[in-house]
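Participant: Build the 3D model from these lines:
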Amino acid sequence: MNDIYLSLLIVLAVGAAAGLIFWLDARGKKEVRLRMEAYCAQRGYRMEEVRHRLRRETVIRANGWRLTTGIEASDVETQSGSAYTVAYTRWQTDPAGREGSPLLWVGTAPRAAVLPGGSLPQLLAAFGIAGMDAAQLVPLNAPLQDRFAMIAADEPALSQAVDAMTRLLADWPENWPLRVSVGMDFARFTITGRRFDQPGDLDRVIALGTGLLEYQSSVIQREKE
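Facilitator: Coordinates of the predicted model:
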């Protein structure tokens, strides 16, 4: 009889612990949602939560752009029995239509790849750039040259790129892997492995996006002159 009572107590304890975990998880998600809603309301943004079987993300929209940040799980389980998950953040011009050829790519890169003698084909492959035989590696100002690579199409209007990227990336966090591409009719970037729900982090991400739009506008204006 004592064994039965002991087993019952163990089952109740495990159930209570599981219930507490689920309650804390639900409370945490609610706190994040309320914080994001307050953030968007204060700044005049629109917010939407998107939930799929393997993906949960928050979409923030404003005039001309949208920011998506979330977590996606795979169908493949790890050795521990849990699904593999990855966080992501994407900013892009909105609405997304037919895009022309990119003019500029910027991204975090190994230091060896951006020093003299670094492999441009290797960087092109890492950035997913194909069919750009005229692409050129653009030197960045220190200390950005130790962290980022910038590749430009053979376009005279890109002479402003170094100053613009130096300003926009001067205080970019070390642990936010970045990929940027800008064209005459679009701009976008991704931050892999990161999901954001804190106002300061969101402000920093959006500041890069709006800065890219300003740069794009200056390029367009110069092309018209």
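Participant: Look up which residues are beta-bridged to the closest residue in space to Trp176 that isn't next to it in sequence.
Facilitator: Leaving aside its sequence neighbours, Trp176 sits nearest to Ile191 (CB to CB, 6 or more residues apart in numbering; 5.1 Å). In this view, the C-beta of every residue, glycine as well, is placed from N, C-alpha and C. Beta bridges link Ile191 to Thr89, Leu178, judged by DSSP bridges.
Participant: Which pLDDT does the model give Ile191?
Facilitator: With respect to pLDDT, Ile191 scores 96.
Participant: residues contacting it?
Facilitator: If a contact means CB atoms under 8 Å, 6 or more residues apart in numbering, then Ile191 has 88-90, 176-178, 205 as its contacts.
Participant: Now for the residues you listed, which sits with the most neighbours around it?
Facilitator: Most neighbours among the contacts of Ile191, by other CB atoms under 10 Å: Thr89, with 23 neighbours.
Participant: one step back: just put the contacts of Ile191 in CSV and tack on distance to Leu213 and pLDDT.
Facilitator: Formatted as CSV, those follow (distance: CB to CB, whole Å; pLDDT from 0 to 100):
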residue, distance to Leu213, pLDDT
Tyr88, 21, 95
Thr89, 17, 97
Arg90, 15, 97
Trp176, 19, 95
Pro177, 22, 94
Leu178, 17, 94
Val205, 14, 96
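Participant: distance of the residue nearest to Trp176 from Arg147?
Facilitator: Distance of Ile191 to Arg147, given as CB to CB, to the nearest Å: 14 Å.
Participant: How far away from the center of its chain is the strand ranked longest in the chain?
Facilitator: Taking DSSP state E as the criterion, the chain has its longest strand at strand 65-77. Chain-centre distance of strand 65-77: 11 Å, with CA atoms, centre = their mean, to the nearest Å.
Participant: buried set for that strand?
Facilitator: 65-70, 72-73 (16 or more other CB atoms under 10 Å).
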